[in-house]
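Engineer: coords below, sequence missing:
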């Protein structure tokens, strides 16, 4: 049984078909990249998985359960976590308090109190390297630190599936390499399936993803192992512009 299954999901906004009959299966512990040109439907697809949008057609299944009509908070309780391209922390709360919110509203919802949530937060703050900033107001962090804090908060939810939206945008190449290595470590140790939406950072895609889905005009154009997907001539023509080794 797939961890996540999308069965021909479609989402329209008026006359615009943002996602057009996309089917996808994700297994436990997979590392997947979703790429495509601007406007290809990637963010809308993320919103369909996380529950911000509900499809006009098609169904969404998680661990065999139909979750098509569930709101985001119920999906979070089941094990779907997400980061966003633009971090919006609780600015006046500390880094520790921000991350603890994830622990309280994820798969441990209703099972732990504030004190236990703080302990969970400490673990993931340390993992992402933010322990020196633990007691700082989140609003005082740098943009990269805010992204790391958001990743820690998502991991504190103890998810089974982590959706990352442009988490590596604006990072130095060395920081990207460190984050990729960290994500692989988390996957190996905790068995989390990680889906990263990346728009133009091939270093991150090649370094992290074992499989890549390429979207174009709302449709799934390619879904294959990374080298095969990025070597597809259609992907080169529409997205990369030139062969991967030259990018």
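Structural biologist: Arrived safely. All values reported here derive from a predicted model rather than from experimental measurement.
Engineer: Could you use CA atoms for every contact and neighbour count after this?
Structural biologist: OK.
Engineer: all strands of this protein, in order?
Structural biologist: For the chain, the strands defined by DSSP state E occupy 4-13, 16-26, 31-35, 57-62, 65-66, 80-82, 161-165, 193-197, 211-216, 219-225.
Engineer: among those, which is the most enclosed?
Structural biologist: strand 80-82 (a mean of 27; mean count of other CA atoms under 10 Å).
Engineer: Pairing partners for that one, with directions?
Structural biologist: Neighbouring strands of strand 80-82 in its sheet, by DSSP bridges, are strand 161-165 (parallel).
Engineer: ok now the partner strand, how far from the chain's centre?
Structural biologist: Shown here is strand 161-165, whose average C-alpha point lies 2 Å from the average C-alpha point of the whole chain (CA atoms, centre = their mean, to the nearest Å).
Engineer: average pLDDT across it?
Structural biologist: Per-residue pLDDT over strand 161-165 has a mean of 92.
Engineer: And for stretch 35-46?
Structural biologist: 90.
Engineer: now the strands of the chain as JSON lines including distance to residue 173?
Structural biologist: Conversion of the strands of the chain to JSON lines gives the following (distance: least, CA to CA, whole Å):
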{"stretch": "strand 4-13", "distance to residue 173": "31"}
{"stretch": "strand 16-26", "distance to residue 173": "28"}
{"stretch": "strand 31-35", "distance to residue 173": "18"}
{"stretch": "strand 57-62", "distance to residue 173": "34"}
{"stretch": "strand 65-66", "distance to residue 173": "39"}
{"stretch": "strand 80-82", "distance to residue 173": "23"}
{"stretch": "strand 161-165", "distance to residue 173": "18"}
{"stretch": "strand 193-197", "distance to residue 173": "16"}
{"stretch": "strand 211-216", "distance to residue 173": "20"}
{"stretch": "strand 219-225", "distance to residue 173": "23"}
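Engineer: So which of the ones you listed is nearest residue 73?
Structural biologist: Across the strands of the chain, residue 73 has its closest neighbour in strand 80-82 (9.2 Å, CA to CA).
Engineer: Find the least confident helix or strand in the chain, judged by mean pLDDT.
Structural biologist: The helix or strand of the chain with the poorest confidence is helix 202-208; it has a mean of 82 (mean pLDDT, DSSP states H and E).
Engineer: buried ones in it?
Structural biologist: Neighbour-count burial for helix 202-208 flags 204, 205, 206, 208 (criterion: 16 or more other CA atoms under 10 Å).
Engineer: For the nearest residue to residue 48 once chain neighbours are set aside, report the pLDDT, please.
Structural biologist: For residue 48, the nearest residue in space outside its immediate sequence neighbours is residue 54; the separation is 5.7 Å by CA to CA, 6 or more residues apart in numbering. We have a pLDDT of 97 for residue 54.
Engineer: To what extent is residue 54 buried, counted in neighbours?
Structural biologist: Look at residue 54: counted by other CA atoms under 10 Å, it has 22 neighbours.
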